[in-house]
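1. dropping a prediction and its sequence here:
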Amino acid sequence: MIKHLRSAADLDAATATLILDTAAEMAALSGREVKKLPALRGRTVVNLFYEDSTRTRISFEAAAKRLSADVINFSAKGSSVSKGESLKDTALTLQAMGADAVVIRHSASGAPHRLAGWVDGSVVNAGDGTHEHPTQALLDAYTMRSRLGRLDGLRVAIVGDVLHSRVARSNVLLLTTLGAQVTVVGPPTLIPLDVAAALSSRTRVSYDLDAVLPDSDVVMMLRVQTERMQDSYFPSAREYSRRYGLDMPRMKKLPEHAIVMHPGPMNRGMEIAPEVADSPRSTIVEQVANGVSVRMAVLYLLLGGK
Ligand code: ASP
Ligand code: CP
């Protein structure tokens, strides 16, 4: 088993499949009255969050607690980071407190790689800048597999703000490792040529959502990440929505069995219409629930739980 999960590229098909299969066993546990396993008793998991999060932070905490680990939640806001303490010194402080695993979210791409050089425990990337979010990709793959029964040969469209999306990058890596056919779709400003070229060895690129939908088993809508935009990438929110938003008429272009995904948080009414987000085809709430099982599997396997 690998020691760290910094990138979806750390996972070969066998390791990724082992995580998904272990997550399915963990999910069976959540149906029980007593949801706890003693697997990580006596181990310490630190959640080190330098960027805001709802789903990822809470689900890593729930996952570690269900495995009986001790959990320390650290958020940069309210810590000595405001006094200028560096990531390295913060990491060494956590190390001194005996962290067996550090789950990190940071605005700097590559922060988990640096951290892995400073701490003895396992490092799990919970989202670094615009780079990667590997456990999101795992929970997305888990959701697709449980809804549609397979990943091999599945046609997945990833739509929207690809440029700023760590979710898209990790999904492209993981899904293609597992045999899916991925098409990234969005305006040329949000999939510029260099990004398209970097992705093209593994995926197709399209600027036409309406043309891609009829041939998709899965459509994954991405949030428009205005907080990471220094320039203007499209004329207006309305224009973006008109070309790349998923509304009801557009959803009808999907095959009958196709599912609609979104990692959250959503800009309802922009990249996804509220009726689509709340429709039976949407797996958005399921993705969150699956996130706990997948993160339990990741912590269990990385820490060699018993
Ligand atoms: N929550 C995901 C992330 O942190 C996606 C998003 O924010 O749009 O990358
Ligand atoms: N999907 C996701 O990572 O959500 P949060 O930013 O709320 O953790």
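-> That came through fine. Ligands and ions are numbered 1, 2, ... in the order given.
2. distance of the closest residue to D140 other than its chain neighbours from T22?
-> Using CB to CB, 6 or more residues apart in numbering and skipping the chain neighbours, the partner closest in space to D140 is N171 (5.8 Å). All C-beta spots, glycine's among them, are computed from the backbone N, C-alpha and C. Separation of N171 from T22 (CB to CB, to the nearest Å) stands at 20 Å.
3. those two: which has the busier surroundings?
-> N171 (31 against 18; other CB atoms under 10 Å).
4. give me the element the more buried one is part of.
-> Using DSSP states H and E, N171 sits in helix 166-177.
5. which other residues reach that helix?
-> By CB atoms under 8 Å, 6 or more residues apart in numbering, the residues outside helix 166-177 that reach it are 7-9, 11-13, 16, 127-134, 136-138, 140-141, 151, 154, 156, 158, 162, 182, 184, 199, 202-203, 220, 222, 263.
6. residue ranges for the strands of the stretch 51-200 of the chain, please.
-> 70-75, 101-106, 122-128, 155-159, 181-185 (DSSP state E, counting those that start in this stretch).
7. run through the neighbouring helices and strands of the helix or strand bottoming out on mean pLDDT in the chain.
-> None of the helices or strands of the chain scores lower by mean pLDDT, DSSP states H and E than helix 193-199, at a mean of 80. Helix 193-199 sits against no helix or strand, with contacts defined as 3 or more CB pairs under 8 Å, 6 or more residues apart in numbering; DSSP states H and E.
8. identify each buried residue in that helix, please.
-> For helix 193-199, the buried set under the neighbour-count rule, 16 or more other CB atoms under 10 Å, comprises V195, A196, L199.
9. same thing with stretch 230-248?
-> Neighbour-count burial for stretch 230-248 [16+ other CB under 10 Å]: Y233, F234, Y240, S241, Y244, G245, L246.
10. those in helices, which ones?
-> Y240, S241, Y244 (DSSP state H).
11. need the contact list for the residue of the stretch 51-200 of the chain found nearest ligand 1.
-> The nearest approach of the stretch 51-200 of the chain to ligand 1 comes at G127, 4.4 Å away (CB to the nearest ligand atom). Contacts for G127 (CB under 8 Å, 6+ apart) come out as E51, S53, T56, R105, H106, H133, Q136, R166.
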